[in-house]
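K.L.:
Sequence and predicted structure, then a few things I'm wondering about:
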Amino acid sequence: MRHGTACLLVLGLSAAGCGIDNVAWLRHRNGLVLAEYRQAQREHAAQRRTTDRLLAACRECLAAGGAAAVCWGDLSAYRACLDAGGSDAACRTD
């Protein structure tokens, strides 16, 4: 009878250890996912700021009588760079 109880105790402790390892791994993984999410949010905000700035410059260019192809050039190049997988910092031309 004691042998059976000892086996159950060992199995129980082993399961608890595995459970603790799994919880630690899940916390670590969730931390990584959260960090990636925050980085994506920062990148999106940077892209939005740059796009807004380029749109404002384009409007000024058009209002000053500039050719549409010239005025839209920077914004088009920026969007093409982003579409190719570039980051905001890599695609900015300023």
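P.N.:
Looks like it came in fine. All figures in this text were calculated on a predicted structure; none of them were measured in a lab.

K.L.:
And the most centrally placed residue in the chain, how far from Ala46?
P.N.:
Nearest residue to the geometric centre of the chain (CA atoms, centre = their mean): Ala40, 2.2 Å. Look at Ala40 and Ala46: by CB to CB, to the nearest Å, they are 11 Å apart. (Each C-beta comes from the backbone N, C-alpha and C, glycine too.)

K.L.:
picking up where we left off before, what's the pLDDT at the residue nearest to the centre of the chain?
P.N.:
Here the pLDDT value assigned to Ala40 is 92.

K.L.:
can you check the one 10 residues further on too?
P.N.:
You'll see Thr50 listed with a pLDDT of 96.

K.L.:
That one - how many residues pack around it?
P.N.:
Thr50: 20 surrounding residues under other CB atoms under 10 Å.

K.L.:
Let me know the distance separating it from Cys81.
P.N.:
On the measure of CB to CB, Thr50 and Cys81 end up 11 Å apart.

K.L.:
Give the residues shared as contacts by these two.
P.N.:
Counting by CB atoms under 8 Å, 6 or more residues apart in numbering, the residues touching both Thr50 and Cys81 are Cys91.
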